[in-house]
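Visitor: just a sequence and a predicted model for now, questions to come.
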Amino acid sequence: MDAITWALGLGYDYIAHSFLEGPLRLSEDVMVPWLEGLSHFDEGISTDIAELVRCLDDAEDMAVANSDFNNCMVIPVPGCFVPPYASVFLDSSKTLWGAATSQVLSWYEQAGLDWIGQSSRYPWLRAPDHIGVEFAFVAEQLSSTIASSDIEINIIQLAMLQHMRDWVPKYVLEMEQRVTATYWRKMGEVLNSWIHINAGGLFS
């Protein structure tokens, strides 16, 4: 795996971790090669990622970011919670397990992802179209099938990326109105940039 592919995969994995397990502060040993790899692909996104992760250097900022994670993304706290699920933003019913959820689940199944096994780690996770699961799925595809000649798998990857571009910006708009931590506001900026960085044909 080349350095750029590794860096992009780590980016998807980092975003997935943040939405599934909470804000993650990285050591410089991880940050430096990651940012260097990203800079070869997109200097702007490398800078944005550096600013995002370093929001957590301050202990108070980390505490606020963790509070936002629990109140806005995990526990349905009234006035704070924004459901991080695609179907809420794509389906007319604005409820979980709509057509968008079914479509995402079919992509996982075609690619061999055990959704039930993955979700067991997060008992609060309610549907497979959660933003963290979708980013984790792309990260896994990058690590295992980037060089694949399997046309079906590449079609699934491209479909997922387009799906994310359709709903993630809508989620970001609502999330930014509820969070208080600098980390999550910066995450919104990163997400809006990140979902478009594969336009040059990463999966082809």
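Guide: Cool, got the structure.
Visitor: downstream of the helix-or-strand element of the chain with minimal mean pLDDT, the next helix or strand is which one?
Guide: Every helix and strand in the chain was compared by mean pLDDT, DSSP states H and E; the lowest is helix 115-119, with a mean of 64. Proceeding N to C from helix 115-119, the next assigned helix or strand is helix 131-145, under DSSP states H and E.
Visitor: check the offset of that next one from the chain's centre.
Guide: Using C-alpha atoms, centre = their mean, to the nearest Å, we find the averaged C-alpha position of helix 131-145 to lie 9 Å away from the chain's own average C-alpha position.
Visitor: in that helix, what counts as buried?
Guide: Taking 16 or more other C-beta atoms under 10 Å as the basis for neighbour counts, the residues of helix 131-145 that come out buried are 131-142, 145. Using the backbone N, CA and C atoms, a C-beta is placed for each residue, glycine as well.
Visitor: tell me where this structure has helices.
Guide: Secondary structure of the chain (DSSP state H): helices at 3-21, 28-41, 43-54, 59-68, 86-90, 99-111, 115-119, 131-145, 151-178, 182-194.
Visitor: how about the contacts made by residue 20?
Guide: If you count contacts by C-beta atoms under 8 Å, 6 or more residues apart in numbering, residue 20 has them with 121, 122, 125, 130, 132, 133, 136.
Visitor: apply 10 Å and report the result again.
Guide: If a contact means C-beta atoms under 10 Å, 6 or more residues apart in numbering, then residue 20 has 69, 73-74, 84, 118, 121-122, 124-125, 130-133, 135-136 as its contacts.
Visitor: look up how far residue 41 lies from it.
Guide: 24 Å (C-beta to C-beta, to the nearest Å).
Visitor: shaky segments in this structure?
Guide: 1, 117-120, 144-153, 198-204 (pLDDT under 70).
Visitor: how does it look with 50?
Guide: Scanning the chain for pLDDT under 50 picks out the ranges 146-148, 199-201, 204.
Visitor: what about the nearest residue to residue 90 once chain neighbours are set aside, how many residues nearby?
Guide: Ranked by C-beta to C-beta, 6 or more residues apart in numbering and with sequence neighbours excluded, the top spatial neighbour of residue 90 is residue 100, at 4.2 Å. The local packing of residue 100 (other C-beta atoms under 10 Å) involves 21 other residues.
Visitor: wait, residue 100 touches residue 88, no?
Guide: Yes: under the contact definition of C-beta atoms under 10 Å, residue 100 touches residue 88, with a separation of 8.6 Å.
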